[in-house]
Structures are given as C-alpha cells and as structure tokens.
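# after the sequence you'll find the predicted model.
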Amino acid sequence: MSSSKRPPVELGDDNATQVATTHVETDAAGHIAEPFLRAMAQGELEELQRELVMAHLVSCALCREKSSAMGLESTVRAMPSTMRVTAPQRVPPKDPLIGQQAGEYQILATLDEGAMGVVYRGVQPVIGKPVAIKVMQHEFARDPENSHRLVAEARAVNAIGHPNIVDVFSFGTLPDGRQYLVMELLTGKNLRHAGREDRLTLTDSVDILSQVAAALAGAHAAGVVHRDLKPSNVFIGRRLGLLQVKVLDFGVAKGLNRVITNVATQPGLMIGTAGYMAPEQILGLQVGPPADVYALGCVAYWLLSREEVFSSESDNTLFQLHLHSPPPPLTSKVQVPSTLAALVEAMLAKEAHARPSAEEVHQRLNRLLASMRQGPAVKNPNEVPTLPPAAPAPKEPQLAAPTLPEMQAVMVTPEARDGVARRVATVPPPPGEGEDTLRPPVVRAPGLWRWVGLGLLAGALALLAVFIASRR
C-alpha cells in the first residue's frame, strides 16, 4: 500500500472493537486510495474494509468513475456476508428492489455489491428455482457502454454453453430502466478467497486449472475471448464431493467471428486487469485466444505459489515487467512436478504464437491429474494380507541297497503289514539338544525288505519245484 500516512476511514461506533483495526487509506481530498480499489477488485480486502469501500463508493461519484476505469465490475464472487457492520450515519435505505419482480423472477435479498452492479438472490416463484440476478447501479446504467457490457455477457455465455461457465437464463429491463441478467445461483467462493482461506492440495489446484482451461477451450471454439480472466472471476464450489469450477464475467468478452459487444473494440485500447494482461493486450494489439492462455498462466502461477508472477504498486511497472522480464521460475517458489512447471512457463511466453492452446493446456493438465490421482501402487490398508506361497516339500532321497552293517540297525515294527517291514533308524539330535529330547522316528522307504521278500518267495518256489520233481 501507499507509504504516506493518511487519516483512516473507520467503521462502527465508538465501542466497536473493529474501529481500532479496520481502516481504508484515503488521499488528502478524502477519496479512497487506488491500492485499496485495486485490492478490492482482486478480492484481497478484509470484509470490514470492503464494507468501508462500498459505503464510500455509494456517496462518491469520482471514486466510482475511478473504480469503473480500473475494471471493478460486480460478479457473483462470494457467499453472502454473515456479518455486516456499518456506521449508523452510513446505513443506506432499504433496497427498493427487494421483493420486486425482475421478469418472471422475484428478488429476495442482496448477495453481493460492486462498484458497477448489485447481485441479488432471486427465485422463480412457480417452480421454486433459485437464481442470481445481476443489476447495474443507477449511475452506471446511464452509460450506454456499461449496458452493452451486460448484453455482451449474456450473448457470450449463451454462445458458448459450457458446463464450466456460469449459465445465463434471462435478460431484461427493470421498470426504472436498468438492465439485468438472471444467472444460475452459485454456492462457494471465488478463487482469490478460496486460495487464501482454504487448504487446497496440489491435486485440487491442478483440477481447478484443468476445468478453467476446459472453459476457455469451449469459449475459443465458440469464437469468444474472455479478455479479463483473473482469480476473482473463477468461482469454486463442490457438488457431490467433487470440485466444480465456473468462469464468470464475460462482460468485456470479444467475438472472433462476430461482434458481441461495442466495448473497447477500438485499436490501441487496453482492456483487462493489470497483472493478468498478456503483452499484446498491454500494447493494444489484436487480442485472441492466446491472451486468455497467458492470463491462465498468471492464475496458475498465483494458485500454485500464492505469489503473483510480477508484483508492483505501479501499473506501468507491471506492464513493463510483463512485456520484457522473464517470470521467476515456478520451481523457485514451490515444489511442483516438472511437467506442470514447464506448462506454466509455456503459457507465460511473451510471444502469443509460442503459447499452447487452451485445449492443449486442458489435455496436458488432465493427463497430469490422472497420474497424480493414480499415484504409486499403495496397498489398501483394509485389504486382508495374503501369505506367500509355501515352498515345495523336499523330495525324499532314494535309498540304496543296505550293506550288512546297516541291516543290523533294521528292525521289524509291529505296524508292518502284508509281510513288508518298515525300516526305522534313529537320528542323532542336533547340537544343543539333550539326549532326553523326544524326537519322532524317521520312517524310511521299505525297499530292502521288498527284495528280501521276493528272494524268499523265489527260494520257496524253487524248493517246491524240486520237491515235485523228486516225487515223480
């Protein structure tokens, strides 16, 4: 912020604890300092600071014009505030639109308020469908260019029709002459808030970037360039436990094949947000899909490292850095896969033709995401472990015909059957075991006694033959 000391604009009554800590810097004339307006556009102000800035913009036309020039348009950026503390003298009157109809939709409550517009919660009373209704502020609705932006957003979104882009259901004009959009109601946070407040994992970050790239690829295929992609224009929610990403605010979008807006189409005009503008945008050159890819590279760099590609309080300095200075390597800020760091570096190429297309970015991020989710082979902790297969039993050695000393160690056991004896030999105990250790006998194969039996049988047959011959 500014280095000079300026009197703070404080919020709350004298007994409020927020008074001592919450302030917004102003210049000598009492106008909001530009760094605070820029911080509000990027979603970096605390809730009470944001309330102070909004309260000042309601009563200061000069600051509203300055904020409009800086691109502080309203978007469906955050969940409704659960705590709104305002000074008694600054409490605005009740919004007359609350309870009124916007076409077939009923306006119920204020969701969010920006310098250029207000977003309300609404409902289709017949079927009960909740919606968000975006209405221009009175001061800006009188400018035809601002009205064109709302029309351009409706045209661009409907020309694309992508699930990662906020849907627009209806467009119309209120009785007081202000135009409005009816959009799907989102629940969650913008990426600026989610990246700062939530514990997003690396896998979550890659998932978010992949979905944003898919939205840009769909827009480019439909002939639409966003031209103002930044974290506050990316909305993060969850559905059925999965991340759901929506790209917002196509109010300054450009049609490649047809005119969808009259806003800033003249050559030499810059449009976008400082810090997320491609070099060709800064130079006022022809802007195409590569400009969105560059902005996505800036978003990716910030999301992964929580640092901007380049930082400066001066827009002119930022422009010069984006035009001429190479970005600091992402790996010097955070540990990420080399393939991801290389992709971000390619998106931040100075030359538009050197950047990958949004579709290529989407495919490469999807492949990386699949590999990250698969990960190394890890055993399921709930899986019942299985034992390794048992080693095969050793084959019993074949016994050779016994010698005479061996036969002395042979005995015929009572369990012998069919005239076949079993050979039982004692095995000496292993070292360390006592002699009284009981060990089971080792049963050897009965090959010896088979031969003895056959010999005896042959002898008996021979004697029988001799006996018969002698009788004759």
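Received it, and whenever you're ready, just let me know what you need.

# please make it C-alpha for all contacts and neighbour counts, starting now.
Noted.

# can you map out the helices along this protein?
Ranges of helices in the chain, per DSSP state H, are 34-41, 47-59, 61-69, 138-141, 144-160, 191-197, 202-221, 279-282, 289-305, 315-324, 338-347, 358-374, 404-407, 447-471.

# what about dumping the CA coordinates of the third one to CSV?
This file holds the C-alpha atoms of helix 61-69, laid out as CSV (Å, rounded to 0.1, in the frame of the first residue of the first chain):
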residue,chain,number,x,y,z
ALA,A,61,-19.1,9.7,-7.9
LEU,A,62,-15.4,10.4,-8.5
CYS,A,63,-14.3,7.2,-6.8
ARG,A,64,-17.0,5.3,-8.7
GLU,A,65,-15.6,6.6,-12.0
LYS,A,66,-12.1,5.7,-11.0
SER,A,67,-13.2,2.2,-9.9
SER,A,68,-15.0,1.7,-13.2
ALA,A,69,-11.9,2.7,-15.1
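
# list the buried ones in it?
For helix 61-69, the neighbour count (16 or more other C-alpha atoms under 10 Å) marks 63-65, 67-68 as buried.

# what about the nearest residue to residue 248 once chain neighbours are set aside, neighbour count?
Once flanking residues are discounted, residue 248 sits nearest to residue 233: 4.9 Å by C-alpha to C-alpha, 6 or more residues apart in numbering. Residue 233: 22 surrounding residues under other C-alpha atoms under 10 Å.

# residue 233 touches residue 249, doesn't it?
Yes. At 6.3 Å, residue 233 and residue 249 qualify as touching, with contact defined as C-alpha atoms under 8 Å.

# re the thing from before, mind checking how far the residue nearest to residue 248 is from residue 131?
According to C-alpha to C-alpha, to the nearest Å, residue 233 and residue 131 sit 18 Å apart.

# burial measure for the closest residue to residue 358 other than its chain neighbours, as a count.
Closest residue to residue 358 apart from its sequence neighbours, by C-alpha to C-alpha, 6+ apart: residue 217 at 4.9 Å. Other residues near residue 217 come to 25 when the count uses other C-alpha under 10 Å.

# okay, residue 217: pLDDT?
Predicted confidence (pLDDT) for residue 217: 96.

# oh, and call the first residue 385 from now on, that's how I've got it
Sounds good: first residue 385 from here, last item residue 601.

# residues contacting residue 531?
Neighbour list for residue 531: 520, 525, 563 [criterion: C-alpha atoms under 8 Å, 6 or more residues apart in numbering].

# about what we covered before: closest to residue 421 out of the buried residues of helix 445-453?
Nearest to residue 421 among the buried residues of helix 445-453 is residue 451, at 6.5 Å by C-alpha to C-alpha.

# against residue 840, how distant is the spatially closest residue to residue 503 that is not a sequence neighbour?
In space, and not counting its chain neighbours, residue 503 is closest to residue 518: 4.4 Å by C-alpha to C-alpha, 6+ apart. To residue 840, residue 518 is 114 Å away according to C-alpha to C-alpha.

# ok, now residue 689?
Taken as C-alpha to C-alpha, the span from residue 689 to residue 840 is 96 Å.

# one more: residue 709?
Counting by C-alpha to C-alpha, the separation of residue 709 from residue 840 is 108 Å.

# what of residue 552?
Look at residue 552 and residue 840: by C-alpha to C-alpha, they are 108 Å apart.

# and those two? which has more neighbours close in?
Ranked by neighbour count (other C-alpha under 10 Å), residue 552 and residue 840 place residue 552 first, with 21 against 11.
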